[in-house]
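# fold the following for me, if possible:
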Amino acid sequence: MMVIGMVLMYLGIKKEYEPTLLVPMGLGAILVNFPNSGLVTQAGSDMKGVLNILFEAGIETELFPLLIFIGIGAMIDFGPLLQNPFMFLFGAAAQFGIFFTIIVAVMFGFNLEQAASIGIIGAADGPTSIFVANALAPDLLGPITVAAYSYMALVPIIQPIAIKLVTTEKERKIRMPYKASQVSRITLIFFPVIVTIVSGFIAPASLPLVGFLMFGNLLRECGVLNRLSQTAQNELVNLVSILLGLTIAVKMTADQFLNLQTLMIIAFGLLAFVMDTIGGVLFAKLLNVFRKEKINPMIGAAGISAFPMSARVVQKMATEADPQNFLLNFSIGANVSGQIASVIAGGLILAYFGG
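Alright, predicted model coming up:
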């Protein structure tokens with residue numbers, strides 16, 4: 001486990017893969033595997049270590065993931081999505097891998113709660129994965145968190161491979177004419193409120209996630225709380241990320257982590273991520289059967305929640321196929337819709353499997 005911790009730190013520092021989480025997680029994995037260190041609860045002792053205290057206060061209560069969602073909401077501009085509301089469809093379609101993987105995981109012997117927690121890795125949304133896993137399968141929290149953040153970091157490597165598996169070069173060259181339109185300030189203000197209300201009716205269990213995400217976005221868009229918005233985007237996210245990364249390590253002790261089950265979780269997490277990407281692309285190709293004005297099917301891949309990395313991947317692949325092909329506005333719209341869809345999917349899973 002200490003070697004795994006060092007690998008996580010190497011990926012964060014040298015490769016710059018999600019360093020905000022992987023570096024604290026890596027060091028935490030080293031710390032918690034020292035016997036009698038006092039950082040975690042020791043066998044035969046009623047005393048709790050500092051990481052246990054933080055875990056109970058921030059993870060078991062689900063406080064840390066929710067606070068991060070305030071910061072994420074403050075960072076997101078929903079303007080491109082509101083300019084192209086059609087992109088909502090791709091955010092929904094790109095959650096296919098979550099439910100596909102749940103079925104596969106059950107077939108391999110995981111119970112429904114564990115399978116649901118593994119499937120949510122496909123959302124490519126670390127806080128949502130932590131939130132769902134802690135509620136349904138807290139014993140799997142360590143490997144699920146490592147898998148979720150690792151695959152988020154590997155978006156630029158994994159997604160191009162998955163996209164090329166199901167598209168042709170001709171399809172990747174499809175241009176989509178962009179018509180600039182202005183989104184009014186009142187629309188941007190009402191959008192997070194409306195999304196919160198609608199989500200409450202569709203999936204009430206998603207309200208902690210959606211509500212905190214949309215609260216952060218309201219801070220950004222209302223125009224009178226810029227100081228709070230900047231604090232949420234910077235100080236709040238940075239502080240909670242430090243605590244979250246270190247605290248998750250409580251579930252990364254050798255006895256909990258080094259087993260066949262962990263390898264299966266990491267493999268199924270990759271399956272969920274790839275199938276989310278493929279599901280979004282295939283949905284776009286299906287729509288093209290009925291449309292005169294064709295959609296570049298890569299837009300469907302941007303419907304996952306890894307914002308803004310997935311949108312950048314789609315734009316990069318579009319310009320590689322055709323240097324004059326500009327899809328960024330559309331891919332950003334699909335990407336932010338994926339952020340909303342992933343937390344609603346998390347809420348639906350909690351409502352259905354949490355009983």
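# next up, the contacts around the residue minimising distance to the centre of the chain.
The centroid of the chain falls nearest to residue 125 when counting by C-alpha atoms, centre = their mean (0.9 Å). Counting by C-beta atoms under 8 Å, 6 or more residues apart in numbering, residue 125 makes contact with 148, 152, 305, 306, 339, 342, 343, 346. All C-beta atoms are positioned from the backbone trio N, CA, C, and that covers glycine.
# same question, residue 273
Listed by C-beta under 8 Å, 6+ apart, the contact set of residue 273 reads 97, 121, 122, 124, 151, 158, 304.
# could the residues you listed go into CSV alongside neighbour count and pLDDT?
CSV is the format used below for the contacts of residue 273 (neighbours: other C-beta atoms under 10 Å; pLDDT from 0 to 100):
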residue, neighbour count, pLDDT
97, 28, 89
121, 35, 88
122, 34, 83
124, 32, 75
151, 27, 79
158, 19, 87
304, 34, 86
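# got these as CSV, with secondary structure and distance to residue 266 columns?
Putting the contacts of residue 273 into CSV (DSSP: H, G, I helix; E, B strand; the rest coil; distance: C-beta to C-beta, whole Å) gives the following:
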residue, secondary structure, distance to residue 266
97, helix, 15
121, helix, 9
122, helix, 13
124, coil, 15
151, helix, 9
158, helix, 13
304, coil, 18
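# which one of the residues you listed is nearest to residue 4?
When these are ranked by distance to residue 4 (C-beta to C-beta), residue 151 comes first, at 16.1 Å.
# which residues does that closest one contact?
Taking C-beta under 8 Å, 6+ apart as the test, what residue 151 contacts is 121, 124, 158, 269, 270, 273.
# how about residue 25?
Applying C-beta under 8 Å, 6+ apart, the residues contacting residue 25 are 5, 8, 145, 146, 149, 245, 246, 248, 249, 252.
# for burial, what's the neighbour tally of the second one?
Number of residues near residue 8 (other C-beta atoms under 10 Å) recorded here: 29.
# helix, strand or coil: sort out residue 305 for me.
Classification of residue 305 by DSSP: H, G, I helix; E, B strand; the rest coil places it in coil.
# state the pLDDT value of it.
Each residue has a pLDDT score; the one for residue 305 is 81.
# cool, residue 156 as well?
Residue 156 is assigned 84 on the pLDDT scale.
# in what helix or strand does it lie?
helix 155-165 (DSSP states H and E).
# which residues touch that helix?
Residues outside helix 155-165 that contact it (C-beta under 8 Å, 6+ apart): 124, 151, 172, 270, 273-274, 277-278, 281, 298, 301, 304, 306, 309-310, 312-314, 317.
# give me that answer again for 6 Å
If you take C-beta atoms under 6 Å, 6 or more residues apart in numbering as the criterion, helix 155-165 is touched by 274, 277, 278, 298, 301, 306, 309, 310, 313, 317.
# and that helix, how far from the chain's centre?
17 Å (C-alpha atoms, centre = their mean, to the nearest Å).
# likewise for stretch 16-25?
Taking the mean of its C-alpha atoms, stretch 16-25 sits 15 Å from the chain's own mean (C-alpha atoms, centre = their mean).
# please apply the same query to stretch 328-336.
Averaging C-alpha positions (C-alpha atoms, centre = their mean) puts stretch 328-336 16 Å from its chain's average.
# rewinding a little: the contacts of residue 125 into a markdown table, with extra columns for secondary structure and neighbour count?
Shown next, in a markdown table, are the contacts of residue 125 (DSSP: H, G, I helix; E, B strand; the rest coil; neighbours: other C-beta atoms under 10 Å):
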| residue | secondary structure | neighbour count |
| --- | --- | --- |
| 148 | helix | 27 |
| 152 | helix | 25 |
| 305 | coil | 30 |
| 306 | coil | 29 |
| 339 | helix | 27 |
| 342 | helix | 31 |
| 343 | helix | 31 |
| 346 | helix | 29 |
